[in-house]
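Asks: sharing a model that was predicted from the sequence below.
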Amino acid sequence: MELQKINGHSRDDGFDGVEAMEHDEFLPHKTGAKKEIHFTDFEGKTSFGMSVFNLSNAIMGSGILGLAFAMSNTGIILFLILLVCIAILSAYSIHLLLKCAGVVGIRAYEQLGNRAFGNPGKVLAACIITVHNIGAMSSYLFIVKSELPLVIQAFLGKHENTGEWFLEGNYLIIIVSLAIILPLALMKQLGYLGYTSGFSLSCMVFFLISVIYKKFNISCPIQEEDHHNLTLNKTAPEDFCEAKFFTVNSQTAYTIPILAFAFVCHPEVLPIYTELRNATKKRMQTVANISILAMFAMYLLTALFGYLTFYGNVEPELLHTYSRVDPLDVLVLCVRLAVLVAVTLTVPVVLFPIRRAVLQILFPDKPFHWGRHIAIAFCLLFTVNVLVISVPSIRDIFGIIGATSAPSLIFILPGIFYVRIVPEDQEPLRSRPKIQAACFAVLGFIFMIMSISFIITDWVTGESRSGGGH
């Protein structure tokens, strides 16, 4: 799975082996050379639909549970505007990456950094990918740690945690990591995870359907007699259960980082591109556009119906809000289980780019070796498990990761790679595409500075922050 170089030529979509126009964009190393240079020892075998599943699963993350809370702090219209902007910018960012890959014949993020800035660029890209994806994996395993004990407890008919080892989240994440995540992470090709990706997405679709269904079964404001644990004001303001279209408060500033983190999939784009059958830039861009559109729809509907269910009562984690209404609700229990399956099956997909980044730094010229493949996967899972077990709350750590790695992967790196990699004889430095790419990178720096400033201000003032992450 570790990717080094692109095939010397690619095939057009369904045109009987006719060389794709993308080949004309490659820098001519040896004119007339016919020998194919492969990333790996196999041709791209992953179907178009399976590639969409893989990329959609890479986009989808635990942040979907915090989007309703984000909408409650922006209002419906402002949230929609921000969501549209982030989705469009993410698609444009993928376009820049694919154009760079097509020009120089490289489909590995770290190698693009090497082509643009030499070894420092490769190391920087690899480090950013590693930090970001470790944060994402940690967020998934934190959901397993917090939610799986509740699911087991409900199945056993227990109303509270009685302290047995199988209700201890720290033990459960180790068992899940060894029994489910590690075997999937040991697969050689990312494309095979398309089957688990499809199942994972199905679980999140079930979550969305349940959120829509619950909208029509829960009244607002929630009355004390409807539950045991939630104490909400019976004297709620008149507009407490009215939808707001525009609103600004102390939590609004965190909406953009949450949304940006929710759309980060860029480290997975180039590996999926490599394994795509009949791979061309246009075909992969279509895969990306469909995946982003699908996740845009899921994010919007989940946020909208979650917000319209609880309005001012919505909490940073949407599932927690439902459980406080009725802890024994069977549908909510099923949704919990579905989300657990979804995030568990997403971890191996996120692990692949981290392993590739480690290989790019430590073993850049080594061929595939099962020993390294297995050892790196085990070490990564061990590190993430230690992090999740040791740190009681990594909300602020996720905030820093989301404010630094997300803008780097979406805005900064694709923009500066494009300016550096695309030859000036194709696009002069002052051409409109390169000016747009440079502005895109500057936007990322502005976004990063603003996000970090908001987080530091929040730490200093002691205000509670909104949850969510990729």
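Replies: Looks like it came in fine. Note that the structure is a prediction, hence the values are computed from the model and not measured. Numbers count the residues shown, from 1 in each chain.
Asks: helices and strands of this protein: which one bottoms out on pLDDT?
Replies: None of the helices or strands of the chain scores lower by mean pLDDT, DSSP states H and E than helix 395-407, at a mean of 73.
Asks: mind listing residues that contact the next helix-or-strand element following it?
Replies: Downstream of helix 395-407, the first helix or strand assigned by DSSP states H and E is helix 413-421. For helix 413-421, contacts defined as C-beta atoms under 8 Å, 6 or more residues apart in numbering pick out 93-94, 96-97, 99-100, 103-104, 109, 112-113, 115-117, 125, 128, 266, 429, 433-434, 437-442, 444. The way it works is simple: take the backbone N, C-alpha and C, and place the C-beta from them, glycine included.
Asks: before we move on, what about stretch 80-95?
Replies: 74, 255-256, 259-260, 262-266, 269, 285, 288-289, 292-293, 295-296, 299-300, 303, 410-411, 414-415, 440, 443.
Asks: what is the burial count for Gln189?
Replies: By other C-beta atoms under 10 Å, the residues close to Gln189 number 17.
Asks: point to the residue nearest the middle of this protein.
Replies: Ile59 (3.9 Å; C-alpha atoms, centre = their mean).
Asks: and the strands in the stretch 201-350 of the chain, which stretches?
Replies: In the stretch 201-350 of the chain, no strands are defined using DSSP state E, counting those that start in this stretch.
Asks: hey, where'd the helices end up in it?
Replies: 255-262, 266-275, 281-310, 318-325, 330-362 (DSSP state H, counting those that start in this stretch).
Asks: and the contacts of stretch 80-95, which of them are buried?
Replies: 74, 255-256, 259-260, 262-266, 269, 285, 288, 292, 295-296, 299-300, 303, 410-411, 414-415, 440, 443 (16 or more other C-beta atoms under 10 Å).
Asks: so who does the residue nearest to His266 when sequence neighbours are not counted touch?
Replies: Leaving out its chain neighbours, the residue that sits closest to His266 by C-beta to C-beta, 6 or more residues apart in numbering is Leu409, at 4.7 Å. Residues counted as contacts of Leu409 (C-beta under 8 Å, 6+ apart) are 128-129, 132, 264, 266-267.
Asks: and what of Leu319?
Replies: Neighbours of Leu319 in contact, by C-beta under 8 Å, 6+ apart: 65, 147, 332, 335-336, 339.
Asks: please name the nearest non-neighbouring residue to Ile86.
Replies: Distance criterion C-beta to C-beta, 6+ apart; nearest residue to Ile86, sequence neighbours excluded, is Leu259 at 4.7 Å.
Asks: for the stretch 1-150 of the chain, what are the low-confidence residue spans?
Replies: Along the stretch 1-150 of the chain, the parts satisfying pLDDT under 70 run over 1-44, 106-107.
Asks: residue boundaries of the helices in it?
Replies: 48-59, 67-72, 76-104, 109-117, 119-155.
Asks: what about Val144, distance to Met187?
Replies: For Val144, the distance to Met187 (C-beta to C-beta, to the nearest Å) stands at 20 Å.
Asks: in terms of neighbours, single out the busier of the two.
Replies: In this view Val144 and Met187 are compared by other C-beta under 10 Å, and Val144 has more residues nearby, 24 against 16.
Asks: return the most buried member of the helices of the stretch 1-150 of the chain.
Replies: With neighbours defined as mean count of other C-beta atoms under 10 Å, the helices of the stretch 1-150 of the chain peak in mean count at helix 67-72, which reaches a mean of 27.
Asks: what's near enough to touch the residue nearest to Arg355 when sequence neighbours are not counted?
Replies: Leaving out its chain neighbours, the residue that sits closest to Arg355 by C-beta to C-beta, 6+ apart is Ile376, at 4.8 Å. With contacts defined as C-beta under 8 Å, 6+ apart, Ile376 is in contact with 355, 358-359.
Asks: of those residues, which is the most crowded?
Replies: Leu359 (23 neighbours).
Asks: pretty sure it sits against Phe368.
Replies: No - using C-beta atoms under 8 Å, Leu359 is not in contact with Phe368, being 9.1 Å away.
Asks: circling back: the residue nearest to the centre of the chain reaches Leu293, doesn't it?
Replies: No - assessed by C-beta under 8 Å, Ile59 is found out of contact with Leu293, at 10.5 Å.
Asks: tell me, please, where in the stretch 201-350 of the chain the pLDDT is lower than the cut-off.
Replies: Using pLDDT under 70, the stretch 201-350 of the chain drops low at 220-240, 250-251, 323, 326-328.
Asks: how about 90 then?
Replies: Counting by pLDDT under 90, the stretch 201-350 of the chain contains low-confidence residues at 201-208, 210-211, 214-282, 306-350.
Asks: re the thing from before, now render the helices of the stretch 201-350 of the chain as TSV, adding distance to Ile86.
Replies: TSV is the format used below for the helices of the stretch 201-350 of the chain (distance: least, C-beta to C-beta, whole Å):
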stretch	distance to Ile86
helix 255-262	5
helix 266-275	13
helix 281-310	9
helix 318-325	19
helix 330-362	19
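Asks: go through those and name the closest to Lys244.
Replies: helix 281-310 (9.1 Å; C-beta to C-beta).
Asks: contact partners for Gln426?
Replies: Val103.
Asks: part of a helix, is Phe368?
Replies: No - applying DSSP: H, G, I helix; E, B strand; the rest coil, one finds Phe368 to be coil, outside a helix.
Asks: can you get me a residue count around the closest residue to Val205 other than its chain neighbours?
Replies: Nearest non-adjacent residue to Val205, counting by C-beta to C-beta, 6+ apart: Met298, 7.5 Å away. Residues near Met298, counting by other C-beta under 10 Å, number 20.
Asks: next, give phi and psi for Pro423.
Replies: Backbone torsions of Pro423, given as degrees, to the nearest 10, read phi -60, psi 150.
Asks: that one and Cys100 touch, don't they?
Replies: No - assessed by C-beta under 8 Å, Pro423 is found out of contact with Cys100, at 11.2 Å.
Asks: which pLDDT value goes with His470?
Replies: For His470, the pLDDT comes out at 46.
Asks: could you list the buried residues of stretch 246-256?
Replies: Counting neighbours by 16+ other C-beta under 10 Å, one finds that the buried residues in stretch 246-256 are 247, 251-256.
Asks: return the distance of it from the chain's centre.
Replies: 22 Å (C-alpha atoms, centre = their mean, to the nearest Å).
Asks: likewise for stretch 286-306?
Replies: With C-alpha atoms, centre = their mean, you get 13 Å for stretch 286-306.
Asks: give me the residues contacting that stretch.
Replies: The contact list for stretch 286-306 (C-beta under 8 Å, 6+ apart) reads 48, 51-52, 55-56, 59-60, 64, 67-68, 70-71, 76, 79-80, 83-84, 87, 90-91, 94, 98, 204-205, 207-208, 211-212, 214-215, 262-263, 265, 269, 272, 276, 314, 318, 321.
Asks: check stretch 166-186 too.
Replies: 141, 144-146, 148-149, 152-153, 158, 161, 165, 193, 196, 344-345, 347-348, 351-352, 355, 373-374, 377-378, 380-381, 384-385, 388-389.
Asks: swap in stretch 121-131?
Replies: With contact meaning C-beta under 8 Å, 6+ apart, stretch 121-131 is reached by 109-115, 117, 267, 353-354, 357-358, 360-361, 364, 401, 404-405, 408-409, 413.
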